[in-house]
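[1] pasting the structure only:
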Ligand SMILES: [Zn+2]
C-alpha cells in the first residue's frame, strides 16, 4: 500500500511540472492573432458578441461579462486622448516622448503615444487618429492629432 501511495504522489508531481502546450497556445492565441494582423497592416480589435462591448488588449474572455464569444473587427482608428504623460529622455537617447491612453470611438481604451506634435502639447480630450508605424519588433499603433469630428 505504501508503494502505491508513493507512485501516485510521484505521478501527480510530474504532472504539475510538465508544461501544457495547449494551455500556452490558448493564452497567447488572441495576442498572436493581433500581432500577425498588425504586421500585415490590419489594425483589429475585439468585440464581445454577447454584451456588444469593444475590447482591448486582445484576450480570450470578455472582461465585461465573462463571455468567450469574441469577434475581431477593424476600428475606425478615431479616438480621443483620455490621459497623457511626457516621458523625459535625454536628447542623445531620442528625446522626450509621449505616452497616452486613447479612448477609441468604439469604446475600447488602449495605451499608445501621440506623434506629430510636441509630447507635452498633447491634451486630454484631443481628437486623434490611429496610424501604423514600423517599430523594432514589427508594426505599432500610434496616434496623430486629428480634426474634431463633425456630426
Ligand atoms: Zn461581454
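    Here it is on my side, so go on. These numbers come from a predicted model, not from an experiment.

[2] show me where this structure has strands.
    Assigned by DSSP state E, the strands in the chain fall at 45-48, 54-55, 70-73, 78-87, 97-104, 109-112, 127-135, 138-145.

[3] Can you say which of these is nearest to residue 37?
    strand 70-73 (7.6 Å; Cβ to Cβ). Bear in mind the C-beta positions are built from the backbone N, C-alpha and C, glycine included.

[4] Go through that closest one and flag the buried ones.
    Under the neighbour-count criterion of 16 or more other Cβ atoms under 10 Å, strand 70-73 has residue 70 buried.

[5] if we can go back for a sec, deepest of the strands of the chain, which one?
    Greatest average neighbour count among the strands of the chain goes to strand 45-48 (a mean of 21), per mean count of other Cβ atoms under 10 Å.

[6] residues making contact with that one?
    The contact list for strand 45-48 (Cβ atoms under 8 Å, 6 or more residues apart in numbering) reads 30, 34, 53-56, 58-59, 62, 64-65, 67, 69-73, 75, 104, 106, 108, 110.

[7] And stretch 85-93, by the same measure?
    95, 96, 97, 98, 99, 100, 119, 120, 122.

[8] residues touching residue 114, list them.
    For residue 114, the residues meeting the contact criterion (Cβ under 8 Å, 6+ apart) are 81, 84, 98, 100, 102, 122, 126, 128, 142, 143, 144, 145.

[9] beta partners of the first one?
    Meaning residue 81. residue 102 (DSSP bridges).

[10] Residue 135 versus that one, what's the distance?
    21 Å (Cβ to Cβ, to the nearest Å).

[11] Spell out which residues of this protein are next to the ion.
    By Cβ under 5 Å from the ion, the part of the chain that sits against the ion consists of 48, 50, 51, 62, 64, 65, 67.

[12] Now the buried members of these.
    Judged by 16+ other Cβ under 10 Å, buried ones among the residues of the chain next to the ion: 48, 62.
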